[in-house]
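A.B. asks: Fold the following for me, if possible:
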Amino acid sequence: MKDEQLKQFDEEGFFILEDLFTGEEMDELTSQVDYYVDEHSAKLKQEEQGGVGVSRANEITFTAHLVKKNAYFQQFCAHPKFVEITTAILGGDVSLYWDQAVYKRPETAKDFPWHQDNGYGLVLSDEYVTCWLAMEDATIENGCIWVKPRTHKDGIIEHQKTPIGWQCYFGEDPGIPVELKKGSMVVFSSLLFHRSGPNVSDNIRKGYILQYIPTHTKNIKTGKVFKKMVIAKEGKAYLDTSYIEEQDHNAAK
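C.D. replies: This next block holds a predicted model:
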């Protein structure tokens, strides 16, 4: 992490890390993710409308909680690079709040509307960090994300539910595209307005999204501290998966 990146995060709400992971590392991640995306897509196809909510088997799929699937994802989400990035922004104690793979398939004409990640969530803290990692090249043609710089300074904005998802901005400003090479990543505030365009290419746009919170963060509904996988303690790497093991134990009862 460099001072200019932290400054851009503070002023603009985001920054880009080029070539954060190698092509080989992304190929391994993709091989792990594809299995669960295919499994999730098969379940979506069995639904009456071919999907659930905004997730559609043949258009765009959101495959969440991969960190609960196996040790590979737990180790990946706690990679030293994520520890360095998140502790620099959030402080010494950090947990993984959410992880999901988002696959936008070819000829998916729909945009995903302007929203804030914390605009309709359960996080009591005003701000957490989203890491959007390109598993393959993300381009304007295949539906990369777009951002509206400096909107993170406006706080949480009321969102309206639309047929294509929750939306917080209905103006004409298109924002700026965030094109990423395979293995590169954009890091942004949970309050930053962002959207994605249609995929008019012949390839699947593959992204892995990891969201991190300070370990003390509370649930907005219950007021209790979230039980999540810890990746850092006092500024150093510290992997604690006990909450996952506890959930697995309770599910087995």
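A.B. asks: which parts of stretch 17-37 are buried?
C.D. replies: For stretch 17-37, the neighbour count (16 or more other Cβ atoms under 10 Å) marks Leu17, Leu20, Phe21, Met26, Leu29, Thr30, Gln32, Val33, Asp34, Tyr36, Val37 as buried. For the C-beta atoms, the positions are set from N, CA and C on the backbone; glycine is no exception.
A.B. asks: Could you report the distance from the last one to Thr61?
C.D. replies: Val37 sits 6 Å away from Thr61 when distances are taken as Cβ to Cβ, to the nearest Å.
A.B. asks: Could I get the full set of helices for the stretch 51-200 of the chain?
C.D. replies: For the stretch 51-200 of the chain, the helices identified by DSSP state H, counting those that start in this stretch occupy 71-77, 80-90, in order along the chain.
A.B. asks: Would you point to the one among those helices that's packed deepest?
C.D. replies: When those are scored by mean count of other Cβ atoms under 10 Å, the highest mean neighbour count falls to helix 80-90 (a mean of 19).
A.B. asks: For the spatially most central residue of the chain, give me its contacts.
C.D. replies: Using Cα atoms, centre = their mean, the residue of the chain that lies closest to the mean C-alpha position is Ile209, 2.6 Å off. In this structure, Ile209 makes contact with Trp98, Asp99, Gln100, Ala101, Val102, Thr130, Cys131, Trp132, Leu133, judged by Cβ atoms under 8 Å, 6 or more residues apart in numbering.
A.B. asks: With Phe193 instead?
C.D. replies: Trp114, His115, Gln116, Val147, Lys148, Thr151, Ile157, Cys168, Tyr169, Gly175.
A.B. asks: between these, which is nearest Glu234?
C.D. replies: Closest approach to Glu234 among those (Cβ to Cβ): Gln116, at 29.7 Å.
A.B. asks: circling back to that earlier point, what do Val37 and Thr61 both touch?
C.D. replies: Residues within reach of Val37 and of Thr61 at once, by Cβ under 8 Å, 6+ apart, are Ala101, Tyr103.
A.B. asks: re earlier: what's the spacing between the residue nearest to the centre of the chain and Asp111?
C.D. replies: When Cβ to Cβ is applied, the distance between Ile209 and Asp111 equals 17 Å.
A.B. asks: cool, Cys144 as well?
C.D. replies: The span separating Cys144 from Asp111 equals 12 Å under the rule Cβ to Cβ.
A.B. asks: and those two? which has more neighbours close in?
C.D. replies: Cys144 (22 against 14; other Cβ atoms under 10 Å).
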